[in-house]
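Asks: the following comprises the amino acid sequence and a computationally predicted model.
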Amino acid sequence: MGVLLLVAVAFLGASGLFYLILGRNRYGSVSSKRKQIAVSAAAGEASVLKPEPSRRVRVYFIKPSRYDDDGYVQFYRWGVQPNNTLTVLAALNDTYNKQYGARRNVYLETVIWDEVCDGAMGPESILAIKDRAREDGVELLIGIAGVQSNQYPRGRDLALQFVAQGLPTIMGGFHVSGYPQSREFLHNCGISTAVGEAENFWSEIIGDFLDGNLKPEYSVSDGIRAKTGTGDILVPVITDAQLPLIDDRYLTRFFNDTQTTLDTSRGCPFTCSYCSVKNVMGRTMRSRDPQSVVQWVRDAVFNHGIDSLFLVDDDFFRSPRWDEILTGMAQVRKEFPRLSFMMQVDVDASCYANLAEGEKPGAKHSRSRRFVDLAAQAGCYQAFVGIESLNPDNLNYATKYQNTDDRNHRMVLEEARARVLGKYRRVVDNWHRAGISVHAGYMLGFPFDGPDCGRIAGRTLRQLGFDIVSFFIMTPLPGTEDQIRYAKEGQIIDWDFNNLDSQHVTLKHDKMDKYMWMRAYTDAFKVFYSPWRLLHTILTVAGGRGLSAEARRSVVRQFVYYFFSYRQGRHPMVGGVWQIRRRDLRRGPVTDEEAQRFYLGDRRFNAILHGSQGEFAGAPA
């Protein structure tokens, strides 16, 4: 026991000596002065790592409406069709945040606003946008998006008011993409323009905005070269581009809030002289990745409550990947039987789904038959087909040879007319056999039309079996071959772009004056959408045509809507349900020069806002 005690004392003594030699002085000699963790204030400020300030940019994508004949901004309690451009642009912001947000310490907020159904933007709305951004400490970028020619005057007026408030503003859409004269005017007013599809230059726009140096014009600089009706352009590859971003709030503004839009491909291979699609998106068809499309559809169905789609491809039948997309959608429909969709196609999509007398089976027959069968399996309830005219001379004049099969003009008129009518009847019958309704697009006022063209069209299209028809007045859309030709010949009598809505006469015609032309337009929809047909369609639920249940319900809804829209003086495709007029917002200037003087000249934004009596009443929109 004593021995153990001596050993323990010796061990403790050795440990203490070891500590004195190595432990206390292992970091060197110790100063008698106490070490301080704190440092001087100046040194502390210099050594602290300061995070780079995060920038938040609130991007408004505003789809302008148009002015009605009384000058009021068209606004409806419910819209009819969501705008695909808005949701695609929202997706571009989402992509930017994912790819560059963390790296550049920037976050893009997205606000989409559709004037047709979200409400007309007055001067007080523009001030509120600016004030709210200041309160929230965010920067503002204004995008006037998807501007069609008949929406250009309204879009221009909005853009000028935003510029008057010192807000950076950019405008895009078919009109500015196809009409350089409008772009030049906007540039002179300090408004940037986006020409063509924005997928590969949107990040450049954001970068320039962050640097405070927006360029006057942005356009596609990387992609593939595609032919147009007048030359060629660059278009982006969209295979891996992010698909539209579904905005659940936006969908509540529409009559059917479980329907949304989707573009699976872009471009149109044909050369129709009245159409601006080929000149803005090119004639080379480009498709999104089919697997991504199908996954998007699945997500829309199961996570957003979507049960109906409108494929806004200009010609889905010409998409290089339609087979894979329809096959995938058919699989989704097995999991969710309520899934349905409508699409736009050309006449050949269904024309050759059967063998006519004397025909031999060929590649076009098997392709058409597979397309129709797959479309039915995937849930298609309606096909929109561009008929445009019953007269082969009109079709050849517009270089719409896909409807006549007579590119070289070898047929005599009667033979060609019989062939066209037979082709249209075959289109309808083949879609109906698959349970799918047919919606025709028809134009009135081609050179070979006369005063009775509307009545003849309404009666003939009804006899051919078309379920729904959208009638349009021949319109010279800016940038098209027709517009260029008619302008050169001095045939354009109305240069107010607001009237390029397919229900105003803006051209001279050799066989009809303005009154006769409008009468032909009225005759067409009154004959096709007669009260008797309305009653019959409702009572039979569009029966007797072999249509699916969803196709029948759709025909009834559309027939009723078209019947009343046409009679109320509104084209169904540019309107909505239950118009609401803001009496305090009315069109002021008409021409570009008048608008520039009014909004940016002597009468400034505050004068517009307060009016001569210090109130909004009577203030131009």
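Replies: Thanks, I have it.

Asks: any stretches of this structure with poor pLDDT?
Replies: Where the chain drops to pLDDT under 70, the residues are 1-53, 602-621.

Asks: make it 90
Replies: Applying pLDDT under 90 to the predicted model, the residue ranges of the chain that meet it are 1-54, 101-102, 230, 357-358, 405-414, 569, 574-575, 601-621.

Asks: and it, what are its domains?
Replies: Structural domains assigned to the chain are 53-230+588-621, 258-578, following automatic domain parsing.

Asks: so which bits of the longest helix along the chain are buried?
Replies: Using DSSP state H to assign secondary structure, the helix with the most residues in the chain is helix 413-433. Neighbour-count burial for helix 413-433, with 16 or more other CB atoms under 10 Å as criterion, is recorded at 416-417, 419-420, 423-424, 426-432. Backbone N, C-alpha and C define where each C-beta goes, glycine included.

Asks: quickly run through the sheet partners of the helix or strand just after that helix, with directions.
Replies: Next in sequence after helix 413-433, counting helices and strands by DSSP states H and E, comes strand 437-444. Within its sheet, strand 437-444 is paired with strand 380-388 (parallel), strand 468-473 (parallel), according to DSSP bridges.

Asks: just want the angle from strand 437-444 to helix 413-433.
Replies: Between strand 437-444 and helix 413-433, the angle formed by their directions is 150 degrees, by axes from the mean of the first three to the mean of the last three CA atoms, to 10 degrees.

Asks: I'd like the next helix or strand past strand 437-444.
Replies: Stepping forward along the backbone from strand 437-444, the first helix or strand reached (DSSP H and E) is helix 453-464.

Asks: so what touches that following helix?
Replies: Contact partners of helix 453-464, identified using CB atoms under 8 Å, 6 or more residues apart in numbering, comprise 387, 390, 421, 424-425, 428, 440, 442, 444-445, 469, 471, 519-528, 533.

Asks: of those, buried ones?
Replies: In terms of neighbour count (16+ other CB under 10 Å), the buried residues within the contacts of helix 453-464 are 387, 390, 424, 428, 440, 442, 444-445, 469, 471, 519-528.

Asks: and for the residue nearest to residue 279 when sequence neighbours are not counted, the neighbour number?
Replies: Here the nearest residue to residue 279 in space, its sequence neighbours aside, is residue 228; by CB to CB, 6 or more residues apart in numbering that works out to 4.5 Å. Here the neighbour count serves as a burial measure; for residue 228 (other CB atoms under 10 Å) it reads 21.

Asks: and the next element down the chain from the helix or strand hosting residue 126?
Replies: Using DSSP H and E, residue 126 falls within helix 123-136. Taking DSSP H and E as the definition, the helix or strand that follows helix 123-136 towards the C-terminus is strand 139-144.

Asks: tell me the buried residues in that following strand?
Replies: If you call a residue buried by 16+ other CB under 10 Å, then strand 139-144 has these buried ones: 139, 140, 141, 142, 143, 144.

Asks: just curious, which of the buried residues of helix 413-433 is nearest to residue 314?
Replies: Distance ranking of the buried residues of helix 413-433 against residue 314, using CB to CB, places residue 427 first at 17.5 Å.

Asks: can you verify my assumption that the closest one contacts residue 352?
Replies: No - Residue 427 is not in contact with residue 352 according to CB atoms under 8 Å; the separation is 9.7 Å.

Asks: returning to what we had before: the residue nearest to residue 279 and residue 283 touch, don't they?
Replies: Yes - contact status for residue 228 versus residue 283: in contact at 6.5 Å, counting by CB under 8 Å.

Asks: got the contact list for residue 353?
Replies: 365, 368, 369, 371, 372, 373, 430, 433, 434.

Asks: which of these has the most neighbours?
Replies: Going by other CB under 10 Å, residue 372 tops the contacts of residue 353 with 25 neighbours.

Asks: distance check, that one against residue 157.
Replies: Using CB to CB, to the nearest Å, we find residue 372 at a distance of 46 Å from residue 157.

Asks: also residue 454?
Replies: Applying CB to CB to residue 454 and residue 157 gives a distance of 34 Å.

Asks: neighbour count: those two, which is higher?
Replies: The residue with more neighbours, out of residue 454 and residue 157 and counting by other CB under 10 Å, is residue 454; that gives 28 against 24.

Asks: against residue 507, how distant is the more buried one?
Replies: Taking CB to CB as the measure, residue 454 and residue 507 are separated by 16 Å.

Asks: now residue 218
Replies: Relative to residue 507, residue 218 is positioned 33 Å away (criterion: CB to CB).

Asks: before we move on, what about residue 414?
Replies: For residue 414, the distance to residue 507 under the criterion CB to CB works out to 28 Å.

Asks: count the residues that sit near the nearest residue to residue 67 once chain neighbours are set aside.
Replies: Computed as CB to CB, 6+ apart, the closest residue to residue 67 that is not its neighbour in sequence is residue 587, at 4.5 Å. Around residue 587 sit 18 other residues, with neighbours defined as other CB under 10 Å.

Asks: hmm, residue 587 is touching residue 74, no?
Replies: No - taking contact to mean CB under 8 Å, the distance of 11.1 Å between residue 587 and residue 74 leaves them out of contact.

Asks: which residues are common contacts for the two?
Replies: Once CB under 8 Å, 6+ apart is applied, the residues that residue 587 and residue 74 both contact turn out to be residue 67.

Asks: next one: phi and psi at the spatially most central residue of the chain?
Replies: In the chain, the C-alpha closest to the average C-alpha coordinate belongs to residue 85, at a distance of 2.7 Å (CA atoms, centre = their mean). Summarising the backbone geometry of residue 85 under the convention degrees, to the nearest 10, its torsions are phi -60, psi -40.

Asks: please name the nearest non-neighbouring residue to it.
Replies: Nearest-residue entry for residue 85: residue 146, 3.4 Å, with adjacent residues in sequence omitted and distances by CB to CB, 6+ apart.

Asks: quick check: next helix or strand after the helix or strand hosting residue 89?
Replies: Taking DSSP H and E as the criterion, the element that holds residue 89 is helix 84-96. Downstream of helix 84-96, the next assigned helix or strand under DSSP H and E is helix 102-104.

Asks: what are the buried residues along that following helix?
Replies: residue 104.

Asks: tell me how far residue 557 lies from residue 541.
Replies: Remark: distance between residue 557 and residue 541 (CB to CB) = 11 Å.

Asks: likewise for residue 418?
Replies: From residue 418 to residue 541 the distance is 34 Å (CB to CB).

Asks: ok, now residue 342?
Replies: Plainly put, residue 342 is 18 Å away from residue 541 if you go by CB to CB.

Asks: of those two, who's got more company?
Replies: Each of residue 342 and residue 541 had its neighbours counted (other CB under 10 Å), and the higher figure belongs to residue 342 (23 against 13).

Asks: now that one, what's its secondary structure?
Replies: Local secondary structure at residue 342 is given as strand here, using DSSP: H, G, I helix; E, B strand; the rest coil.

Asks: which non-adjacent residue is nearest residue 349?
Replies: residue 317 (3.8 Å).

Asks: for residue 196, same thing?
Replies: Take residue 196 and drop its neighbours on the chain: the residue closest to it by CB to CB, 6+ apart is residue 220, 4.7 Å away.

Asks: got phi/psi on the one you found?
Replies: Its backbone dihedrals place residue 220 at phi -70, psi 130, with angles given as degrees, to the nearest 10.
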